[in-house]
Structures are given as structure tokens and as C-alpha cells.
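Engineer: Quick one: sequence and predicted model below, then my questions.
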Amino acid sequence: MSGNDKGFSFRQLFFRDATTGSEAKPLQETEAGKVNVNVDYMANGTGLSAAGGQEQPLVEDFVQRLQNLINQNNQPGFDFLEFTESLFEEKQNPGPEVFKTVFRIAQKIDKSLTPSRLLDSAIFYKELVQRTADAEINKGVAKKQGLQAEKEAEKGSLDSGLKETRAKIQQLSLQIQELQNQEVGLNNQLVSLDQKYEAKFIDIDRKVGAIRNAKEQVIVSIVDIEAGIKSNLS
């Protein structure tokens, strides 16, 4: 990052109402020792763009939230926040002389101001940002873990249903195979049915034919004798 970009970034972060060009408005100071934290970034449902997963808008959004957080927790008196605002009012990319000049002017406003006090307040804001960001990160991790557990539970349910369905398909496949085997067997029996009864039919037909021939022969013999009796004995 270039020096100019860095200066612009600091202005964006520490200048209240800098983006609108309006005059900075006085903020209500928090009670001594009380930190006002109201970020709740993970709960607002902001997500990455599905196409490309662009993170920059999310970064800018959270930077804005951190800026608001710093302003809401502005410590009483002239501290790091006011000092930083004064720096960038003088110059976008302040050098050593600007730091010294701003500090001398600030001491005229607050004679008790020391570099140590500025550094202490810088640590306060830095730790505030660190705690807030870490808390939001922890929320994100916990939320992801919860979603992962929800996903695993849903996956387990789907896997169980899939196994049951596959078992039913396998069982039905075995039943279908068994029925298909039965179909083949019945079809084969149907095909061989004519052969099974043909020999019996032939045997019966031969016997019936033989009986008819025997009957005719016997009847003819009887009729011949019957005729001889009529003609010879009557």
C-alpha cells in the first residue's frame, strides 16, 4: 500500500462523517470504564456473492462497523482518536513535523496530554477492535460448526434413507429374479406340454383303433354265423 493510500485509509477509519463531507458532530461519551460494543456482524446474514465470492464489500462493511464502534467508545478528553483526526486535518500523509506540531497544539488544549497517554488510548482502541473482531470471528466459527453439525445430521439421515432404499431395491430385485425364473420354468413347461401328452394321445388312439378293428372283426364273424343260422336252420 502506498503512503497516500494509507493516509486515505486512516482518514476513512478515524474521521467521523468524512465520507459525507459534513462537519464532525459531537458524540455522546460513554461512561468511564464502560465499553459500548454493538457490532453483531455474523447475525445479519451478510454472505459472499455466489459468483466470484467477492470479499471486498464485506471488508468495507466491517471497517465501517469498527469505525462506528471506535466513535461510540471515544474516551473523554483529547486522546488518540482526536489526535488522529487532527493529524489528517493537517495533511493526508503526515510526517514527523506534523506529528510534533499537532501534539504541541493539543497540549495547549489539554496541558496534561503526554505521548504516553496517546499511546495508552491507542492501545485501548486497538484492544477494543481486537476483542470485537475476535468475538465476531468466534461467532462465525461457532455458526459454521453448527451448520456443519446440521449438515452432518442431514447427511446421516439421507445416507440412512439411501441405504434402506437400496436394500429394498435389492430385495425387490431378488424377488423379480425369482419371478422371472418362475416365468421361464412355466414357459418351458408350456412349450413341452404337447410333447408330454402326445405319446399318451397316440397310445390311446392306437388302442381305440384296435378296439374298433377288433369289434368289427367280431361283429362280422357274429353276423356271418347269424346269417348261416338263418339260412340253414330256419
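Structural biologist: On my side now, so go ahead. Numbers count the residues shown, from 1 in each chain.
Engineer: For whatever helix or strand residue 142 lives in, the averaged confidence score.
Structural biologist: Assessed by DSSP states H and E, residue 142 sits inside helix 115-191. Mean per-residue pLDDT for helix 115-191: 96.
Engineer: again with stretch 201-221
Structural biologist: In this model, stretch 201-221 carries a mean pLDDT of 93.
Engineer: cool, stretch 70-83 as well?
Structural biologist: In the prediction, stretch 70-83 has an average pLDDT of 91.
Engineer: how about it: buried residues?
Structural biologist: For stretch 70-83, a neighbour-count test (16 or more other C-beta atoms under 10 Å) marks 70, 71, 72, 73, 74, 75, 78, 79, 80, 81, 82, 83 as buried. C-beta coordinates here come from the backbone N, C-alpha and C atoms, glycine included.
Engineer: Kindly report the same for stretch 100-107.
Structural biologist: In terms of neighbour count (16+ other C-beta under 10 Å), stretch 100-107 has its buried residues at 102, 103, 106.
Engineer: Let me see the backbone angles for the last one.
Structural biologist: Spelled out, that is residue 106. Main-chain dihedrals, residue 106, degrees, to the nearest 10: phi -60, psi -40.
Engineer: got it, and residue 113?
Structural biologist: Main-chain torsions, residue 113, degrees, to the nearest 10: phi -70, psi 130.
Engineer: wait, isn't it in contact with residue 106?
Structural biologist: Yes: using C-beta atoms under 8 Å, residue 113 makes contact with residue 106 at a distance of 5.5 Å.
Engineer: Which neighbours do those two have in common?
Structural biologist: Here residue 113 and residue 106 share the contacting residues residue 78, scored by C-beta atoms under 8 Å, 6 or more residues apart in numbering.
Engineer: domain assignment for this protein?
Structural biologist: For the chain, the structural domains run 3-156, 195-234, going by automatic domain parsing.
Engineer: and those domains, which is most packed in?
Structural biologist: Of those, the one with the most neighbours on average (mean count of other C-beta atoms under 10 Å) is domain 3-156, at a mean of 13.
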